[in-house]
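> build the 3D model from these lines:
(one chain, ligands or ions: 2)
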Amino acid sequence: MDEYELAIRNTVEIVTEDQLKELMARPEKSVYAGYEPSGEIHLGHLVTINKLMDLKEAGFKIKVLLADLHAFLNQKGTMEEVREMADYNRRCFEAVGLKGKNVEFILGTDVQLTPEYELQVLELSQQITLNRAKRSMDEVGRNMEAPRVSQMVYPIMQMVDINTLGVDMALGGIDQRKIHMLAREYLPTIGAKAPLCMHTPIINGLNGKKMSSSEGNYISVADSEDAIKKKMKKAFCPPEIEENPVLQVLKYHVFPRMETVTLKRPDKFGGNREFSSYEECEQAYAAGDVHPADLKGMTTDGLIEVLADARDYMNQD
Ligand SMILES: Nc1ncnc2c1ncn2[C@@H]1O[C@H](COP(=O)(O)OP(=O)(O)OP(=O)(O)O)[C@@H](O)[C@H]1O
Ligand SMILES: N[C@@H](Cc1ccc(O)cc1)C(=O)O
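Numbering: from 1, shown residues only. Ligands and ions are numbered 1, 2, ... in the order given. Reported below is the predicted structural model:
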């Protein structure tokens, strides 16, 4: 796989592909993703983390924003609580392999409380309508039936983060799209660069709804082998391909880190079978050649293996 293919694999949108091709030809390039510190880093977050690791391998400098102030503004906890979570989350990111020379972690409050930052937030807030700000938070904001003023400031700060961190590209799940499109449109009005944007898919939790800490439907990167087995056993695994959480785990977490995956089953059920790509496995499942229970077993074994280092790291003293 060449660097460009690696950069775009498992993404749903790049705005724009031509700009990405141009950027990749440059010797220096950077990308960031921001995370509201939360209790657990789960397989949903890991989709974006895996992408950051692909981009690192493709030659990007990586910045990870631990967005403590954003989490506070979005009603996720007190300042003390989110700050503490930021430290824990940083360890989780390192545990899954996001670390090293070209990876920098930045705490939101370390860069967001300067007069320059504040002035840019105010300049943008003078231009962006309340309606656009509110819509950009549709999939990001918590308790949006009664949005707080802080939740209208939130997307504007996210735009200013892009300028403050000086990155070429903003990465996030597709739920970040509306905020990113505001950034592309409005950052140039304050003399800042319009960022490239890369979006990854949103994956489902084990009950078939969006994987999220608040739903309790997630697998965490620090889960024990036993916990993974129990959760996967109960997972929703319909015969369909679309929105199938087990296939999503296989596609976004197991295959990117394993060359081949082996389905183990007794001879009377068809015997063992080795898959060397996700697509091959999806076809076999769609054709009914792989039973849902076998698909779950194979995915569980693969996931336990790919998260082994993270588990060990998190369980060190
Ligand atoms: N289920 C998911 N599938 C894929 N990406 C996700 C998922 N949940 C969060 N992300 C991505 O992770 C990044 C950080 O999101 P954030 O930390 O705010 O998570 P969140 O949506 O608040 O999740 P949670 O409610 O579980 O804490 C964003 O780019 C977001 O798109
Ligand atoms: N909006 C992101 C978090 C984030 C905050 C600030 C940023 O600059 C980037 C991302 C989320 O939904 O979780």
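> quick check: residues of the stretch 101-250 of the chain near ligand 1?
Contact residues (Cβ under 6 Å from any ligand atom) of the stretch 101-250 of the chain with ligand 1: Gly172, Gly173, Asp175, Gln176, Ile202, Ile203, Lys210, Met211, Ser212, Ser213, Ser214. For glycine as for every other residue, the C-beta is placed from the backbone atoms N, C-alpha and C.
> so the first one sits in a strand?
It refers to Gly172. Yes: judged by DSSP: H, G, I helix; E, B strand; the rest coil, Gly172 forms part of a strand.
> beta partners of it?
In this entry, Gly172 is beta-bridged to His199, by DSSP bridges.
> list the contacts of it.
Ala33, Gly34, Thr48, His180, Cys197, Met198, His199, Thr200 (Cβ atoms under 8 Å, 6 or more residues apart in numbering).
> how far away is the first one from ligand 1?
Read that as Ala33. Counting by Cβ to the nearest ligand atom, to the nearest Å, the gap from Ala33 to ligand 1 is 6 Å.
> that residue against Leu171, yeah?
Yes: counting by Cβ atoms under 8 Å, Leu171 is a contact partner of Ala33 at 4.4 Å.
> what sits in contact with each of these two?
Joint contacts of Ala33 and Leu171 (Cβ under 8 Å, 6+ apart) are Thr48, Lys51, Leu52.
> leaving out sequence neighbours, find the closest residue to the residue of the stretch 51-200 of the chain at minimum distance from ligand 1.
Nearest to ligand 1, among the residues of the stretch 51-200 of the chain, is Gly173, at 2.1 Å (Cβ to the nearest ligand atom). Sequence neighbours aside, Ile202 is the residue nearest to Gly173 in space, at 5.1 Å (criterion: Cβ to Cβ, 6 or more residues apart in numbering).
> could I get the phi/psi values of the residue nearest to Asn89 when sequence neighbours are not counted?
Once flanking residues are discounted, Asn89 sits nearest to Pro37: 5.0 Å by Cβ to Cβ, 6+ apart. Per-residue torsions, Pro37: phi -60, psi 130 (degrees, to the nearest 10).
> can you tell me which residues contact Pro37?
Pro37 makes contacts with Leu66, Ala67, Asp68, Ala71, Lys76, Val82, Arg83, Met85, Ala86, Tyr88, Asn89, as judged by Cβ under 8 Å, 6+ apart.
> please, where are all the strands along the stretch 201-317 of the chain?
Using DSSP state E, counting those that start in this stretch, the strands of the stretch 201-317 of the chain run over 261-263, 273-275.
> each with direction, which strands does the last one pair with?
According to DSSP bridges, strand 273-275 has the following sheet partners: strand 261-263 (antiparallel).
> tell me which residues of the strand it pairs with come out buried.
Val261, Leu263 (16 or more other Cβ atoms under 10 Å).
> again, but for stretch 143-159
Going by 16+ other Cβ under 10 Å, stretch 143-159 has these buried residues: Pro147, Gln151, Met152, Val153, Tyr154, Pro155, Ile156, Met157, Gln158, Met159.
> and it with ligand 2, contact?
Yes: under the criterion of Cβ under 6 Å from any ligand atom, ligand 2 is reached by stretch 143-159 at Gln158.
> and that stretch, end to end?
With Cα to Cα, to the nearest Å as the measure, stretch 143-159 spans 22 Å from end to end.
> any low-confidence regions in the stretch 201-317 of the chain?
Filtered on pLDDT under 70, the stretch 201-317 of the chain yields the residue ranges 317.
> thinking again about what came up before, export the buried residues of stretch 143-159 to CSV and tack on secondary structure and pLDDT?
Shown next, in CSV, are the buried residues of stretch 143-159 (DSSP: H, G, I helix; E, B strand; the rest coil; pLDDT from 0 to 100):
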residue, secondary structure, pLDDT
Pro147, coil, 95
Gln151, helix, 97
Met152, helix, 98
Val153, helix, 98
Tyr154, helix, 98
Pro155, helix, 98
Ile156, helix, 98
Met157, helix, 98
Gln158, helix, 98
Met159, helix, 98
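> and the furthest pair within these?
Spatial extent of the buried residues of stretch 143-159 (Cβ to Cβ) is set by the pair Pro147 and Met159 at 17.6 Å.
> now the closest residue to ligand 2 within the chain, nearest residue through space, not along the chain?
With Cβ to the nearest ligand atom, the shortest gap between the chain and ligand 2 falls at Gly34, namely 2.3 Å. Spatial nearest neighbour of Gly34, chain neighbours left out: Leu65 (3.8 Å); criterion: Cβ to Cβ, 6+ apart.
> and for the one you found, the neighbour number?
Using other Cβ atoms under 10 Å, Leu65 has 26 other residues around it.
> doesn't it fall inside a strand?
Yes: applying three-state DSSP, one finds Leu65 inside a strand.
> hang on, it packs against Asp110?
No: counting by Cβ under 8 Å, Leu65 stays clear of Asp110, with 9.9 Å between them.
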